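*Asks:* show me the folded form of this:
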Amino acid sequence: MSRDAVVVGINTYSFERLSNLKAPSEDAEAVAQLLTKYGDFEVKRLPAVPDKQNNRIRVGRTSKSKVSLTMLEEALVELFKPEGENIPETALLYFSGHGLRKHRGIQEGYLATSDVNPDFNIWGLSLQWLRRLLEASPVQRQIIWLDCCYSGELLNFEEADPGNGGKERDRCFIAACREYKEAYEEVSGNHSIFTRALLQGLDPRQRTDGPVTNYTLVNFINQALKAAPQRPIYANFGGQIILTGRRVESNNLPLEGICPYKGLAYFDCNEEDPQYFYGRTTLTDQLVEQVRKGNFLAILGASGSGKSSVLRAGLIHQLKQGKSLSNSDSWPIYIISPNKHPLRSLAEAFVESELSTIDHASQLAKATELISTGAAGLGHLVTAAAGEGRVVLAVDQFEEVFTLCRDETERQQFFECLLGALEPTESKLCLVIAMRADFFGKCAEQEYAGLVSKIQEHLVTVTPMTQEELEQAITEPAKKVGLERVEPELVTQMLADVAGPGSLPLLQYTLTELWQQRTVNYLTLAEYIRLGGVQETLPNRAEEVYESLSEDEQLATKRIFLRLTQLGEGTEDTRRQVFKRDLVTPQQSEKLIDQVIQKLTDARLIVTNELRQRTEGNQTETVVDVAHEALIRHWIRLRQWVNENREALRIERKIEAAAQEWQGKGKLEEVAFLLQGPKLAEAESYLLDYSDLGLLSSLAQEFIQVSQAVRDRLIREEKERRERELEQSRKALKAEKKALKEAQRRTVAVSIALLILVMSGGFVFLRQRQFQTDFYDIWSDISPDIARDEKLEKTLHQLLKQADSHKQAADRNEQERDIERALAYYRKIRAEISKNLSSLNNKQELENLYKESESSLNYMIQTYRIPQLEQELKDAQINRKFGTLIKTSIPRDFERQYTEGPLKTTYAILMRELGAKADLNDDGLVFSKVEADQMPCETLKKIQELWRKYTENRCGFYDQQSSHLDRISSISIPACPELASATLTSLIFPPPYSYAIDRLNYCKIAPQNLLP
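*Replies:* Below is the predicted model:
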């Protein structure tokens, strides 16, 4: 940030009662030169004239050199309140000339410009105006030095001192003398008494204990003028302001533009970073030794402990140097981060970066093909690259395999590929991983090719730095670039403030800010305190940047940071990469997003990179990432955003993931790939509750809209179908009533029963006429005086007795007639309870009845239907006739949809009268929870068990290789050739699948870790 000064020395005055002066121009020029040479100030001189002899600008000293009031006002406005964003960090005014005091009811002081004329009420620059300008100024450090001589009127310089008014600022105010005192020009020299002392105090060569500050300057002037006829007045507010400092020798000058600190970034293994990487020598030596001894190394540490830096600028830099291990400078070294698709990242590591687009695509395709074969393919790549030496493969941010990769199959393949390639390459591959320690538990959740034991056997932990190591990390990089001084008090305070193993990013960010904010050639404790110290510099900076944004930019910033935060699952929240295009929405334009990203990048809060996409032309895309997880942990506003919207983020991520899958399928408008049932309801609820957050990408919004449109179309079609069937049912009901009027008692009973059942959701007539008659007989025999609820309960109990009677008969005689009637009774009981339970009072009794009938229904199916299915599966193992779904069929074809085999029998057991008959409406669909609930859980589990058993664990209701049970894993099983890579779910239940999938989830058909 800049340091600007306006230096004014006025010798010449037009007003005849103000004498011309000699010293001001010399005073001002001497101050200007000293500020330029030792203070790094950009100085504007008034009046300014060319010095042709020395080829520069100097303060004018002849009678032609004048300064008008307009010139001075404009210069001060430009200094203290400039237009635009280029605000100087420090602004200084030095004035030498006459001062005037005006008595008009009140006393008012002025700085006399060349054009003053009190007779015409032209007094010069008002000190009250100057005070208001300083109060309104955005400049952090304000310095005013006034050397005004007395000329007939007294001047109270305190009128221009803003004190501590206005915003919090660091201010230094010094004037030559108190009110009612004259400022003297020195008789024997070129300077006034005050300016001579000022120049001596500003000269850093007079000091051996550091730079000249506003406080040391005041002390010096007080001592120098102790015996002088005038005593200056002064006031310092706020923190210390460095004014000047000694210049270092030319061979030790700061390297221009190079900051030796990394902010929130890691130290990399490039040409620049390692020379500024200090404090980890012992740890680096330990890592090098582990590489020498073995072919696997795990570097674990807390977030912010410096894992990436010691991996890159420590270990890998040393290997590239070849000074610690023989010939390591010739080893190929590949560094990757897993990202969302670790196998793709692994393949890309072996592709040369400087290739043309076509060659890059060709090489990537070959590497991808080899990696897809697993450890053998990786071994081939390693052997080809290694030559006579070794290959080092470093996987940084290893925890991304768990946080960003959501595909359990790819995760497992990645681990098997890496660890499986270690042995066949006969030690040519050296695998190094760097991972957050809190993710070690994730490695133990599954076998993962022996990953846990590997880590335990070859672990190096990144522990907190010692005090000595921290001091090296603070001071040595500064020395490397020629910084003259890091105050010892600053080092002491920083060491005290660095608490915990995760503070290194905060330390580096604070050092970077100190470097950016430094004055002359020092890092000071005063500036450190002003920034807020190690713990507050980063959050303070983030808050400062946020507050500087417009309202639209703030909304975009909130959305960007929420999108960039990965919610922890048993671990702390982490960062995640997002494509810039996914941040653009109809509500927030690309121009706005670009604008905000640029500002956040300039503040070093986020980073952007170009990522080559596997698309036509292999185009690159911009990805955005949080600069470091420390920002997520320590910026209070961001923590509040995340905590307040954690549930919204959870749902948003699910919707975005589903939208990405849909896009990968070509955006097909098929129910199988769209949101449906509870998932669509959740998405619609999300839009109602959280739409103001604007988190959803344009793709996700489109995905929901298409899902809604398809859902509405299906409902409309279903409504039309039901209306047609209702009309048919009415006609059938009319005919049935007429046929049943054989006796008055039965006619009345039938009418009442039909009325009750129609009111409770409709009645599906059974095929067996005897079952209808039994139901009507039971209903009519019960007293008509009792309540409908009680009457229905009694009827169902009587039906249960009838069902049990038929079950017992079936067990005795194994007659199909008894089996069918028992199944029909149990189904009817369950269907009526499902439809009426919510509207009845005696829920507990009916729930017990429901469970009892489900148990009996399952018994009948398992005893009399499942054996047939098991025999067909055994036969299919030999004849391979598992059955297929005929493509030209429709759901209303029922069993005719299938060729002969166990698939057809499975359908009949679940959907038709042979078993559970979930298809209550005879439309070939499971279109409600009532229908789905007809399938007993134990029956579903048995069917799953048999299909897994006789297909060697390949086929079933879901893809067991999936990370969780959802609509995709319930539709496709790539490993099931017996059913043409389809699931039982997709073959038995026509879309929409949601009710069937919900029933499978409820019955816990999938292992616990796969359930939503």
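*Asks:* per-domain residue ranges of the chain.
*Replies:* The chain is divided into the following domains under automatic domain parsing: 3-247, 280-462, 467-539, 548-631, 865-1012.
*Asks:* average pLDDT across the second one?
*Replies:* Okay, so that is domain 280-462. Here domain 280-462 scores 89 as its mean pLDDT.
*Asks:* now do the last one
*Replies:* Domain 865-1012 carries an average pLDDT of 85.
*Asks:* and the shortest one, by the same measure?
*Replies:* The average of the pLDDT scores along domain 467-539 is 86.
*Asks:* end to end, how far does it reach?
*Replies:* For domain 467-539, the first-to-last residue distance is 24 Å (C-alpha to C-alpha, to the nearest Å).
*Asks:* what comes up buried for stretch 351-371?
*Replies:* Going by neighbour count (16 or more other C-beta atoms under 10 Å), the buried part of stretch 351-371 is 351, 360, 361, 363, 364, 367, 368, 370, 371. Heads up, the C-betas are built off the backbone N, CA and C, glycines and all.
*Asks:* what do you get for stretch 896-913?
*Replies:* For stretch 896-913, using 16+ other C-beta under 10 Å, the buried residues are 897-898, 901-912.
*Asks:* possible to save the buried residues of stretch 351-371 as a markdown table with secondary structure and distance to residue 136?
*Replies:* Converted to a markdown table, the buried residues of stretch 351-371 look like this (DSSP: H, G, I helix; E, B strand; the rest coil; distance: C-beta to C-beta, whole Å):
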| residue | secondary structure | distance to residue 136 |
| --- | --- | --- |
| 351 | coil | 58 |
| 360 | helix | 56 |
| 361 | helix | 59 |
| 363 | helix | 61 |
| 364 | helix | 59 |
| 367 | helix | 62 |
| 368 | helix | 62 |
| 370 | helix | 67 |
| 371 | helix | 63 |
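*Asks:* what is the nearest of those to residue 98?
*Replies:* residue 360 (73.9 Å; C-beta to C-beta).
*Asks:* from residue 609, how far off is that closest one?
*Replies:* 17 Å (C-beta to C-beta, to the nearest Å).
*Asks:* please apply the same query to residue 9.
*Replies:* In terms of C-beta to C-beta, residue 9 sits 53 Å off from residue 609.
*Asks:* so for the longest strand anywhere in the chain, mean pLDDT?
*Replies:* Secondary structure of the chain per DSSP state E: the longest strand is strand 90-104. Averaging pLDDT along strand 90-104 gives 90.
*Asks:* list the buried residues for it?
*Replies:* Here strand 90-104 shows 90-102 as buried, counting by 16+ other C-beta under 10 Å.
*Asks:* next: stretch 309-320.
*Replies:* 309, 310, 311, 312, 313, 314, 315, 316, 317, 318, 319, 320.
*Asks:* same question for stretch 497-516.
*Replies:* Going by neighbour count (16+ other C-beta under 10 Å), the buried part of stretch 497-516 is 497-498, 501-515.
*Asks:* among those, which are located in helices?
*Replies:* Among the buried residues of stretch 497-516, the ones falling in helices (DSSP state H) are 497, 504-515.
*Asks:* want to try a markdown table for these, with distance to residue 544 as columns?
*Replies:* Formatted as a markdown table, these follow (distance: C-beta to C-beta, whole Å):
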| residue | distance to residue 544 |
| --- | --- |
| 497 | 20 |
| 504 | 22 |
| 505 | 18 |
| 506 | 16 |
| 507 | 19 |
| 508 | 18 |
| 509 | 13 |
| 510 | 14 |
| 511 | 18 |
| 512 | 15 |
| 513 | 11 |
| 514 | 15 |
| 515 | 17 |
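*Asks:* can you name the residues that contact residue 147?
*Replies:* Taking C-beta atoms under 8 Å, 6 or more residues apart in numbering as the criterion, residue 147 is in contact with 24, 27, 94, 95, 96, 175, 176, 183, 192, 194, 195, 198.
*Asks:* again, 10 Å this time
*Replies:* Taking C-beta atoms under 10 Å, 6 or more residues apart in numbering, we find residue 147 in contact with 8-9, 23-24, 27-28, 31, 94-97, 99, 174-177, 183, 185, 191-195, 198, 232.
*Asks:* residue 898 too?
*Replies:* 883, 884, 885, 886, 889, 904, 905, 906, 907, 908, 987, 988.
*Asks:* residue 915 is in contact with residue 863, correct?
*Replies:* No. Residue 863 is beyond contact range of residue 915, at 11.4 Å (criterion: C-beta atoms under 10 Å).
*Asks:* distance of residue 99 from residue 127?
*Replies:* 9 Å.
*Asks:* output the longest strand of the chain as PDB, nothing but the C-alphas.
*Replies:* The C-alpha atoms that make up strand 90-104 are tabulated as PDB, following Å, rounded to 0.1, in the frame of the first residue of the first chain:
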ATOM      1  CA  THR A  90      -0.300   6.600   5.100                       C
ATOM      2  CA  ALA A  91      -0.900  10.300   4.200                       C
ATOM      3  CA  LEU A  92       1.400  13.200   5.400                       C
ATOM      4  CA  LEU A  93       1.000  17.000   5.200                       C
ATOM      5  CA  TYR A  94       4.000  19.200   6.000                       C
ATOM      6  CA  PHE A  95       3.300  23.000   5.800                       C
ATOM      7  CA  SER A  96       5.800  25.800   6.300                       C
ATOM      8  CA  GLY A  97       4.700  29.400   5.900                       C
ATOM      9  CA  HIS A  98       2.600  32.100   7.600                       C
ATOM     10  CA  GLY A  99      -0.400  31.300   9.800                       C
ATOM     11  CA  LEU A 100      -3.400  33.700  10.400                       C
ATOM     12  CA  ARG A 101      -6.000  34.000  13.000                       C
ATOM     13  CA  LYS A 102      -9.400  35.500  12.400                       C
ATOM     14  CA  HIS A 103     -11.500  37.200  15.100                       C
ATOM     15  CA  ARG A 104     -15.200  37.400  14.100                       C
END
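*Asks:* parallel or antiparallel, list what pairs with that strand.
*Replies:* Using DSSP bridges, the strands paired with strand 90-104 are strand 3-9 (parallel), strand 106-111 (antiparallel), strand 141-149 (parallel).
*Asks:* quick one: which of those is nearest residue 535?
*Replies:* Among those, strand 141-149 sits nearest to residue 535 (C-beta to C-beta), with 23.8 Å.
*Asks:* mind checking how far the following helix or strand past the closest one is from the chain centre?
*Replies:* Next helix or strand after strand 141-149 toward the C-terminus (DSSP states H and E): strand 170-175. Put simply, strand 170-175 sits 45 Å off its chain's centre (C-alpha atoms, centre = their mean, to the nearest Å).
*Asks:* show me what strand 170-175 is packed up against.
*Replies:* Packing partners of strand 170-175 (3 or more C-beta pairs under 10 Å, 6 or more residues apart in numbering; DSSP states H and E): strand 90-104, strand 141-149, helix 193-202, helix 214-224, strand 233-237, helix 525-531.
*Asks:* would you put the C-alpha positions of that strand in PDB?
*Replies:* Taking Å, rounded to 0.1, in the frame of the first residue of the first chain, the C-alpha atoms of strand 170-175 are listed here in PDB:
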ATOM      1  CA  ASP A 170      -3.500   6.300  13.800                       C
ATOM      2  CA  ARG A 171      -2.700  10.100  13.900                       C
ATOM      3  CA  CYS A 172       0.400  12.200  14.500                       C
ATOM      4  CA  PHE A 173      -0.100  16.000  14.900                       C
ATOM      5  CA  ILE A 174       2.900  18.300  15.500                       C
ATOM      6  CA  ALA A 175       3.000  22.100  15.300                       C
END
